[in-house]
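Visitor: Please work out how this folds:
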Amino acid sequence: MKRELDTAQKAMQSLTTKFSTDILKPFYDAVEKYKLFEKGDKIAVCVSGGKDSALLAILMKWYERNKGGIEVKFISMDPGYTLEHRQKLISNCELLGIDAHMFDTNILAAADSTDKSPCGICARMRRGWLYKKAKEIGCNKMALGHHFDDVIETTLMGMLYGGQLQGMLPRIKSRNFENIELIRPMYMVSEDAIIRWCEYNGLSFIRCACKYAEGEDASKRAETKRIIAELEKLNPRVKKNIFSSIHNADCDTMVEYKVGWERHSFLERFEK
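Guide: Residues are numbered from 1 along each chain as shown. The predicted structure follows:
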């Protein structure tokens, strides 16, 4: 008699069956294209309680088990969740067989106490705590669950609301924590595929648990999602084209651009 698979086993198995093309292939393509993993890497996978980090955790477990060469550890930060949100995070980790090291911070309260861009402060504090914890457990890399749609939305948001052309890199060396690198293995995985994977496996997750997320429909990211959805009606390739644009930047046509902290003008070349 065939043994019935548990939820964690089904979720991982679905990557090689139902979602081999839409999730596993773009995940592996990103790992190869951007050289995200190297033999001997110890990678801290950040599990936030949301759908993206849950899929990332399963993908990283799959890679460690089937490809080898890396060691995966899971960390989960409670930034000040309600008991309900914390329990949902714990329950989902248990359901998916994710043995995450959980630690507590008061980030949500700290961000809520300031008048200056609480979302920006929260993001920076989260990143700092996660880097610190990753180093404490002996990891040289830290993996986050940012996906394809995050990349193109960030690019477009920078143009529309920040007045800058700015991408989201698949890997970054930390400036404040020596010898540790941030990587984004789901860089090429679409949000639509992640949602379908969750639904197929009967999984549900928490969203951002702070009060500023309650008005998400009014946020700039939600607004950008709507803009992209409207553009897709006119051009179905618009997402792929935005993604391609950050791989095909032509600095010779830029009036001004930055390299590190240095600013450059086209006049530097024009007047030679």
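
Visitor: how long is stretch 254-262 end to end?
Guide: End-to-end distance of stretch 254-262 (Cα to Cα, to the nearest Å): 15 Å.

Visitor: Next: stretch 30-50.
Guide: With Cα to Cα, one end of stretch 30-50 sits 21 Å from the other.

Visitor: got it, and stretch 262-269?
Guide: One end of stretch 262-269 sits 15 Å from the other (Cα to Cα).

Visitor: Going forward, the N-terminal residue is numbered 722.
Guide: Sure, I'll start numbering at 722, so the last one becomes stretch 983-990.

Visitor: Check which helices and strands the helix or strand of the chain with the lowest mean pLDDT sits against.
Guide: Every helix and strand of the chain was ranked by mean pLDDT, DSSP states H and E. The lowest is helix 828-833, at a mean of 74. Applying 3 or more Cβ pairs under 8 Å, 6 or more residues apart in numbering; DSSP states H and E, we find helix 828-833 packed against helix 839-857. (Each C-beta comes from the backbone N, C-alpha and C, glycine too.)

Visitor: try 10 Å
Guide: strand 791-799, helix 839-857 (3 or more Cβ pairs under 10 Å, 6 or more residues apart in numbering; DSSP states H and E).

Visitor: how distant is the last one from the center of its chain?
Guide: Averaging C-alpha coordinates over helix 839-857 and over its chain gives two centres that are 14 Å apart (Cα atoms, centre = their mean, to the nearest Å).

Visitor: so how far is the helix or strand following it from its chain's centroid?
Guide: Toward the C-terminal end, the helix or strand that comes next after helix 839-857 (DSSP states H and E) is strand 862-864. Offset of strand 862-864 from its chain centre (Cα atoms, centre = their mean): 11 Å.

Visitor: quick one: contacts of strand 862-864?
Guide: Contact with strand 862-864 is made by 757-759, 762-768, 774, 777-778, 780-781, 791, 793-796, 848, 851-852, 854-856, 892-893, 895, 898, 900-907, as judged by Cβ atoms under 10 Å, 6 or more residues apart in numbering.

Visitor: Is the nearest residue to Asn922 once chain neighbours are set aside within a helix or a strand, and which one?
Guide: Once flanking residues are discounted, Asn922 sits nearest to Ala732: 4.7 Å by Cβ to Cβ, 6 or more residues apart in numbering. Assigned by DSSP H and E, Ala732 belongs to helix 728-737.

Visitor: And for Ala765?
Guide: Judged by DSSP H and E, Ala765 forms part of strand 762-767.

Visitor: Could you give the average pLDDT over that strand?
Guide: The average pLDDT for strand 762-767 rounds to 98.

Visitor: and it, what other elements does it pack with?
Guide: helix 772-787, strand 791-799, strand 821-825, helix 839-857, strand 862-864, strand 902-904.

Visitor: Could I get these in TSV, plus columns for mean neighbour count, mean pLDDT and distance to Cys919?
Guide: Below are these laid out as TSV (neighbours: other Cβ atoms under 10 Å; pLDDT from 0 to 100; distance: least, Cβ to Cβ, whole Å):
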stretch	mean neighbour count	mean pLDDT	distance to Cys919
helix 772-787	21	97	5
strand 791-799	19	96	18
strand 821-825	15	91	18
helix 839-857	17	85	22
strand 862-864	25	98	19
strand 902-904	22	97	22
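
Visitor: closest one to Val872 among the ones you listed?
Guide: helix 772-787 (12.4 Å; Cβ to Cβ).

Visitor: Output the contacting helices and strands for that closest one.
Guide: helix 728-737, helix 746-754, strand 762-767, strand 791-799, helix 804-816, strand 862-864, helix 912-921.

Visitor: tell me, what residue is most central in this protein?
Guide: His867 (1.6 Å; Cα atoms, centre = their mean).

Visitor: Would you mind giving the secondary structure of that one?
Guide: coil (DSSP: H, G, I helix; E, B strand; the rest coil).

Visitor: for Glu725, same thing?
Guide: Taking three-state DSSP, the label given to Glu725 is coil.

Visitor: what's the distance between it and Gln734?
Guide: Distance, Glu725 to Gln734, using Cβ to Cβ, to the nearest Å: 12 Å.
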